[in-house]
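Q: Pasting the sequence and the predicted model now:
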Amino acid sequence: AVAQGNEYLMRLEGVTAGDNTHYFTAFFDWNQNGILDDAGEVYELGNLTNSTGTDGIELLKKIQVPEDALLGETRMKLIKSLDASPLDPCGTYTSGQSEDYSITVFDYCLPDIALKAPITRVIFAGIDNNSPSDPFTVPSYEPFLDIEANVLTGETYDVTLQGNPIWDICYSVFIDWNQNGILDDTGEVYQIDCVGYVPGGGNGELAFGTIAVPQDAVTGKTRMRVMANADSGYPLDPCGSYYYGQAEDYTVVVRNTPIPVCEIECPQDIVVEIAVGQTGTVVDYNIDFDCDNTTDVALKLLNGLPSGSEFPVGETIVTFNLEHEGEVINTCEFKVTVEAVLSTEGFEENTFKVYPNPVNDLLNISASKAINTIQVFDLAGKKVFSESPLSRTSQINVSGLEPGVYLVKLFSDDSVSLVKVIKM
């Protein structure tokens, strides 16, 4: 079961059948319409390489449940593919596997509060939020889920709360450490402090307390509820009924270790020139990174091709994420451009003739030595004609080509020549 707005760490293992790379994608039908790839429902998880599936090599990725995900049971599909990141939950793949699971989406219950005794300030683990104090205009429940606290398991944090000064107020904090949708399990309720009425208005008295994060708290984003009760002592039921009070919800991000501080050296854009007629070339690059407080980080290829791959003619965007426990902490992106350019090797200009130029239908070619092969390419590098005349002269019919600029490549035993031709 998962809660609206919460974040969960997914761990995957898989067999790659040797030194292969397999890519994983998760699809969630959050809107329960039977379609698994609507906007916000596709999660490219990353890849595993050279794994037996039982060797402890894991793929970690955090999954954020949308706040508007429909409540109830829905479907999750996992696809593993050798080809690339699978993006079609119903697609065709040459090698891989698909698994379906049922997931229940729930929301947290809300308290029933008759009259408002507003909370006006919450300070906790990076949160410092001020909210309105007028009991006649504020709602009894305020969700501040976009405001996050960051905590580490096993650590203790100070909490400071403040409210409207015209009541005696007792404060409690509830945190769903085990992420089961219940806010008052054992170890999840913190009675912070009770403060008195402040005559003359102004700011309410500050309430101080501490919150100890359990060592076994589930990592990821979870829910925190701050409650004020001006009726009958500490609020002990996060979903109970109260006469005077208020509730505010926040997001708490739980980690086992601090967020690493990392520097990443991303390559500059790379431009490689190759001869027209080649479809691509191998490109090597290097990405260096250094983290000051951990070695438990991984560089994950998100888009493009790994170093040492054959990059095709054109532009390829390469994107890497630097991840820690499934969380992206830095990104590197650069462009690899492979350009097909004219080149001449071992030919003098007067050793061959290509005419007429421009040409309508028949193109004549002559050379001072035997021509082994004639190839014609369009400017995108696509070969549109090839023959092997094995003579010093040849005539080729180009009437079937679309008007435009073409490149004619001539091969002899010891030389190569390239000439630009205009087809009318």
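A: Looks like it came in fine. Numbering: from 1, shown residues only.
Q: For the closest residue in space to residue 42 that isn't next to it in sequence, give the beta-bridge partners.
A: Using Cβ to Cβ, 6 or more residues apart in numbering and skipping the chain neighbours, the partner closest in space to residue 42 is residue 27 (5.8 Å). In short, each C-beta sits where N, CA and C put it, glycine included. Bridge pairing for residue 27 (DSSP bridges) gives the partners residue 42, residue 77.
Q: List the buried residues for stretch 222-241?
A: Buried residues in stretch 222-241, counted by 16 or more other Cβ atoms under 10 Å: 222, 223, 224, 225, 226, 227, 228, 229, 230, 231, 235, 238.
Q: now, among those, which is nearest to residue 394?
A: Nearest to residue 394 among the buried residues of stretch 222-241: residue 222, at 74.8 Å, using Cβ to Cβ.
Q: The closest one against residue 176, yeah?
A: Yes: at 4.9 Å, residue 222 counts as touching residue 176 under the criterion of Cβ atoms under 8 Å.
Q: shared neighbours of those two, anything?
A: Contact criterion Cβ atoms under 8 Å, 6 or more residues apart in numbering; residues shared by residue 222 and residue 176: residue 3.
Q: From the buried residues of stretch 222-241, which one has the minimum pLDDT?
A: Looking at the buried residues of stretch 222-241, model confidence by pLDDT dips furthest at residue 231: 80.
Q: these two touch, right, it and residue 242?
A: Yes: counting by Cβ under 8 Å, residue 231 does reach residue 242; the two are 5.7 Å apart.
Q: so where's this protein shaky on pLDDT?
A: 199-203, 293, 341-350 (pLDDT under 70).
Q: list the contacts for the residue of it positioned farthest from its centre?
A: Outermost residue of the chain with respect to the C-alpha centroid, by Cα atoms, centre = their mean, is residue 368; its distance is 58.7 Å. By Cβ under 8 Å, 6+ apart, the contact set of residue 368 is 351, 352, 392.
Q: Show me which residues of the strand or helix carrying residue 145 are buried.
A: Assigned by DSSP states H and E, residue 145 falls within strand 141-152. Residues of strand 141-152 classed as buried: 141, 142, 143, 144, 147, 148, 149, 151, 152 (neighbour count, 16+ other Cβ under 10 Å).
Q: Direction included, what does the helix or strand following it pair against?
A: Counting by DSSP H and E, the next helix or strand C-terminal to strand 141-152 is strand 156-163. Partners of strand 156-163 in the sheet, by DSSP bridges, are strand 119-124 (antiparallel), strand 207-212 (antiparallel).
Q: Show me what strand 156-163 is in contact with.
A: With Cβ under 8 Å, 6+ apart as the test, strand 156-163 has contacts from 117-125, 133, 149, 151, 169, 171, 173, 190, 192-193, 195, 203-213, 226, 228, 246.
Q: redo that, cut-off 6 Å
A: With contacts defined as Cβ atoms under 6 Å, 6 or more residues apart in numbering, strand 156-163 is touched by 119-125, 169, 171, 192, 204, 206-212, 228.
Q: picking that back up, pull up the gap between the residue nearest to residue 42 and residue 62, please.
A: 16 Å (Cβ to Cβ, to the nearest Å).
Q: neighbour-wise, which of these two wins?
A: More crowded of residue 27 and residue 62, by other Cβ atoms under 10 Å: residue 27, with 24 against 19.
Q: Contact partners for that one?
A: Contact analysis of residue 27 by Cβ under 6 Å, 6+ apart lists 36, 37, 41, 42, 77, 89.
Q: For those residues, which ChimeraX command selects only the ones that are buried?
A: Buried residues within the contacts of residue 27, by 16+ other Cβ under 10 Å, are selected in ChimeraX with:
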select :36,37,41,42,77,89
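Q: Among the contacts of residue 27, which one lies nearest to residue 281?
A: Among the contacts of residue 27, residue 42 lies closest to residue 281 (Cβ to Cβ), at 32.0 Å.
Q: Now the residue sitting nearest the centre point of the chain: closest residue in space, sequence neighbours ignored.
A: For the chain, the residue sitting closest to the mean C-alpha position, by Cα atoms, centre = their mean, is residue 44 at 6.7 Å. Spatial nearest neighbour of residue 44, chain neighbours left out: residue 85 (4.7 Å); criterion: Cβ to Cβ, 6+ apart.
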